Structure formats: structure tokens, C-alpha cells
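Student: Sequence below, structure please.
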Amino acid sequence: MHSNTPPSLPAESLKRTAVKTVATVALTVLLIVLMRGGLTALPWLDHVTGGQVGKSVLQFLAVDGVAQKQQWVAIALMLVCFVVAVGSVKLAERLLRRS
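Tutor: Predicted structure coming up:
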């Protein structure tokens, strides 16, 4: 006799989900902080190398000072960090299951 109601989630599954969520959020924040730090280092990199790559990247991200475009660029960069964090957590989970 099978019931149509799904089984309740065991405590271990809830714990694993909570850990993965916290890890994803923490990794996303860390990636954003690292990206911001990397962007602030671009002028120094140009100074050391004598190039203009850092300046070009910063000009691209500034999108001519248009606030709405800057917001879209910021949102896109945060989403990239989030997607990388999700992928990293999933990869770590697979590696931990194998061991």
C-alpha cells in the first residue's frame, strides 16, 4: 500500500541543504570581495606592466558613467559569482561523496 504523500525529509538531508546554502552564500560573497579587490588592483597592474589593460577593463565596467548600465554590469558580475559558487559547491559535494 503506497501513499501519495512524499516522505518527510530526514534531519540529515535538511542539515546538508543548510550547509550547502551557507557555503554557496559565503563563497559568493568571497568571490565578490575578491573581484572588487582585483578591480582595485588593475591601475597598479598597469603601472607595473606599463600596459593599459586594467584601464580598459575599468572603462568598460564604468559603461560611460551611465548609472543604469553600471547597475546591470554589477548585477551580471554578482550573478557570475553566484553561478561559480553554485558550481563549486556541487563539485565539492560530488568529490566528498566519492571519498
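
Student: can you tell me which residues contact the spatially most central residue of the chain?
Tutor: Compute the mean C-alpha point of the chain, and by Cα atoms, centre = their mean the closest residue is Cys81, 2.0 Å away. For Cys81, the contact set (Cβ atoms under 8 Å, 6 or more residues apart in numbering) comprises 28, 31-32, 35. Heads up, the C-betas are built off the backbone N, CA and C, glycines and all.

Student: where's it, which helix or strand?
Tutor: helix 67-98 (DSSP states H and E).

Student: Give the buried residues for the worst-scoring helix or strand of the chain on mean pLDDT.
Tutor: Evaluated with mean pLDDT, DSSP states H and E, the helix-and-strand set of the chain has its lowest mean pLDDT in helix 53-62, which scores a mean of 84. Neighbour counts using 16 or more other Cβ atoms under 10 Å place Gly54 of helix 53-62 among the buried residues.

Student: start at 51 instead
Tutor: Sounds good: first residue 51 from here, last item helix 103-112.

Student: What angle do helix 117-148 and it make with each other?
Tutor: With axes from the mean of the first three to the mean of the last three Cα atoms, to 10 degrees defining the directions, helix 103-112 sits at 110 degrees from helix 117-148.

Student: quick one: contacts of helix 103-112?
Tutor: Residues outside helix 103-112 that contact it (Cβ under 8 Å, 6+ apart) are 89, 91-96, 120, 123.

Student: In helices only, show me the residues you listed.
Tutor: Mapping the contacts of helix 103-112 onto helices (DSSP state H) picks out 89, 92-96, 120, 123.

Student: nearest to Ser138, of these?
Tutor: Relative to Ser138, the closest of these is Leu89; by Cβ to Cβ it sits at 20.7 Å.

Student: I'd like to know how far that closest one sits from Val123.
Tutor: Leu89 sits 11 Å away from Val123, going by Cβ to Cβ, to the nearest Å.
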